[in-house]
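Peer 1: can't give you the sequence, but here's the structure:
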């Protein structure tokens, strides 16, 4: 079989590792095990449930970043999916075509994910010759040997982890390392771009463009029309004053009921043991306007170039959402779609190859 010109990516997600690391990053070391131990039942409405919601892992941010390296040929997430916390992510992962590998716990603290993940990754590299990139979403030093082996086999190794929960040795063993907080910053930048374009535009000649842009946005999923607050702000490793006060007595507060209203979120909702898991609508497409901005922000961060070829932008959009079709939105070509987004992006057709960039903010 001839080698594909398109880079092919294999992504391996130690899900328990990243969920626990994110929770401990926000709420304190070893706090996840204290708040969600097997002897405690975490119920909706308690402080522990609120903390879990605050520490929700944005799966889309991880997968969209991995897609900047090429086509995601393999995507697997390893965890015990029977636990309520992990089960609440199932719908989101399945919608992004991630294979869920079930690992039953071998002890109170280990599920064997590191061994199983490493064995599968090495097998895939020998079985599939054209895998060019290996993405390891974890921070455990146990994956150092896997990263080193993948590099010896000629693969480009990318690590994704949570600050404070990632081994220095693993970071050094990778060709490239991305901090999870930096991935969330991309979503924050997209929200800023949208906010900058929300102001009404003047000029009679833009009425058709505004109508077309509105039509393009309306084709997106209703669930994504309003991004969650967690994606609007940049992630922080520091808690607010209110959060700091809860850390003074974590065990007592974790189970105490809270009267704060639940913040809206497009990610996951914690499910109490015994409750049915609402995995939400499946097969929904992403908002095309936001998809375009996300693709441009990711490509700009990767290449450090403001202008991007329109073909590369569309390719990145298709990697993130293969259901994107400009014709379904009523546009004859991708260039017409870009022109309809004139309020947020700028198209340069003067060169031989069309280029596009996010429109600079005035002032």
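Peer 2: All right, it came through fine. Since the model is a prediction, treat every value here as computed from it, not as a measurement.

Peer 1: any weak-confidence spans in this structure?
Peer 2: Scanning the chain with the threshold set as pLDDT under 70 gives 1-4, 37-42, 107-111, 197-285, 363.

Peer 1: biggest strand in it, by residue count?
Peer 2: strand 71-79 (DSSP state E).

Peer 1: got the contact list for it?
Peer 2: Surrounding strand 71-79, the residues in contact under the criterion C-beta atoms under 8 Å, 6 or more residues apart in numbering are 6-16, 19, 63, 66, 86, 93, 96-103, 111, 113, 116-117, 120, 124, 128, 131, 319. For glycine as for every other residue, the C-beta is placed from the backbone atoms N, C-alpha and C.

Peer 1: run the last query once more with 7 Å
Peer 2: By C-beta atoms under 7 Å, 6 or more residues apart in numbering, the list of residues contacting strand 71-79 from outside reads 6, 8-16, 66, 86, 93, 97-101, 103, 113, 116-117, 120, 124, 131, 319.

Peer 1: for this structure, what's the longest helix?
Peer 2: Using DSSP state H to define each element, the chain has its longest helix at helix 180-197.

Peer 1: can you tell me the closest non-neighbouring residue to residue 126?
Peer 2: Excluding the flanking residues, the one nearest residue 126 by C-beta to C-beta, 6 or more residues apart in numbering is residue 153, at 8.0 Å.

Peer 1: the one you found touches residue 125, doesn't it?
Peer 2: Yes: Residue 153 is within contact range of residue 125, at 5.3 Å (criterion: C-beta atoms under 7 Å).

Peer 1: between the two, point out the one with more neighbours.
Peer 2: residue 125 (18 against 13; other C-beta atoms under 10 Å).

Peer 1: and that one, what element?
Peer 2: According to DSSP states H and E, residue 125 maps onto helix 113-127.

Peer 1: tell me the buried residues in that helix?
Peer 2: Across helix 113-127, burial judged by 16 or more other C-beta atoms under 10 Å covers 113-114, 116-118, 120-122, 124-125.

Peer 1: returning to what we had before: next, the angle from the longest strand of the chain to helix 113-127.
Peer 2: 150 degrees (axes from the mean of the first three to the mean of the last three C-alpha atoms, to 10 degrees).

Peer 1: contacts for the helix holding residue 125 next, please.
Peer 2: So helix 113-127 is in contact with 10, 12, 14, 16, 74, 76, 78-79, 101, 103, 131, 134, 140, 142-143, 146, 149-150, 153, 155, going by C-beta under 7 Å, 6+ apart.

Peer 1: hang on, residue 64 packs against residue 298?
Peer 2: Yes: if you go by C-beta under 7 Å, residue 64 and residue 298 touch, sitting 6.3 Å apart.

Peer 1: which residue packs closest to residue 60, ignoring adjacent ones?
Peer 2: residue 96 (7.1 Å).

Peer 1: what comes up buried for stretch 296-309?
Peer 2: Under 16+ other C-beta under 10 Å, the buried positions of stretch 296-309 are 296-301, 308.

Peer 1: what segments of the stretch 1-150 of the chain are strands?
Peer 2: Assigned by DSSP state E, counting those that start in this stretch, the stretch 1-150 of the chain shows strands spanning 8-14, 71-79, 99-102, 133-137.

Peer 1: could you identify which of the ones you listed is most buried?
Peer 2: strand 133-137 (a mean of 27; mean count of other C-beta atoms under 10 Å).

Peer 1: measure how it sits relative to strand 8-14, angle-wise.
Peer 2: Computed by the same axes, to 10 degrees, the angle between strand 133-137 and strand 8-14 is 20 degrees.

Peer 1: which residues are contacting strand 133-137?
Peer 2: With contact meaning C-beta under 7 Å, 6+ apart, strand 133-137 is reached by 7, 9-14, 18, 62, 66, 69-70, 121, 143, 146-147, 150, 155-160.
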